[in-house]
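Undergrad: need a structure here:
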Amino acid sequence: MAKLKIKRKSSLIVDLILLISIYVFLFNYFKPSLIFSNTLTNGGDTGSHLYPFFYMRDYLVPHLKLVGWSQGWYAGLPMFQFYFPFVYLLASIISYIIPATISFKIATILGTFLLPITTYFAMRILRFEFPIPVVSALLTLVMLFNEGNSMWGINIPSTLAGEFCESFSFSLMVLFLALLYKGIKE
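TA: Presented below is the predicted three-dimensional model:
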């Protein structure tokens, strides 16, 4: 029994060290000085996502709405009727505390930062034993840093090119699928 406790404790320590290492690596790649600078982000379609963000912040959130009709483009369009609004909502709420440009950048990279930890917890929920959960979290870095495509989503190039909602939803999907499987089996 004592050996089992020591084994669990040592595997938890290894997990923590490797998870911290993942985030040190990510913060080395995404420089905090740039994330927290009061500048606009741009690249690919990201610049065009600023308008929906400000529309959410300046009109929809004050009116307690998630969708609305915007006159800003063309003859108007249904804003967030066909687009995932949660990341914009999160960025909008955060922008009441910190500058909007910074909250938008945080929301943009949130999916990238969530994927390793949600994958780790998904593997734990599925009851995989050490080292599978932490190795799975480490392997998400391979997918995140894959530069072979910049428009299919999930990886960093596509996230920074404007597919940050997909990146965020993918990180939650991994956790959801683990919970769904657990719910079906139990």
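Undergrad: show me the contacts for Tyr59.
TA: By CB atoms under 8 Å, 6 or more residues apart in numbering, Tyr59 lies in contact with 65, 68, 70. C-betas here are computed from N, CA, C, even on glycine.
Undergrad: Now name the helix or strand holding the nearest residue to Ile154 once chain neighbours are set aside.
TA: With sequence-adjacent residues excluded and distances taken as CB to CB, 6 or more residues apart in numbering, Ile154 is closest to Phe170, at 5.0 Å. For Phe170, the element it lies in under DSSP states H and E is helix 164-185.
Undergrad: Can you tell me what sits against that helix?
TA: So helix 164-185 is contacted by 46, 49, 83-84, 86-87, 107-112, 114-115, 118-119, 121-123, 125-126, 153-154, 158-159 (CB under 8 Å, 6+ apart).
Undergrad: Buried ones in whichever strand or helix holds Ile22, by neighbour count?
TA: Here Ile22, judged by DSSP H and E, is contained in helix 2-29. Neighbour-count burial for helix 2-29, with 16 or more other CB atoms under 10 Å as criterion, is recorded at 15, 18-19, 22, 26.
Undergrad: Leaving out sequence neighbours, find the closest residue to the residue nearest in space to the middle of the chain.
TA: Within the chain, the residue whose C-alpha comes closest to the C-alpha centroid is Gly111; the distance, by CA atoms, centre = their mean, is 1.1 Å. In this structure, Gly111 finds its nearest non-sequential neighbour in Ser167, 3.1 Å apart by CB to CB, 6+ apart.
Undergrad: Neighbours of that neighbour, how many?
TA: Under the neighbour criterion other CB atoms under 10 Å, Ser167 is assigned a count of 25.
Undergrad: Quick check: it vs Gly76, distance?
TA: When CB to CB, to the nearest Å is applied, the distance between Ser167 and Gly76 equals 29 Å.
Undergrad: for Gly183, same thing?
TA: 42 Å.
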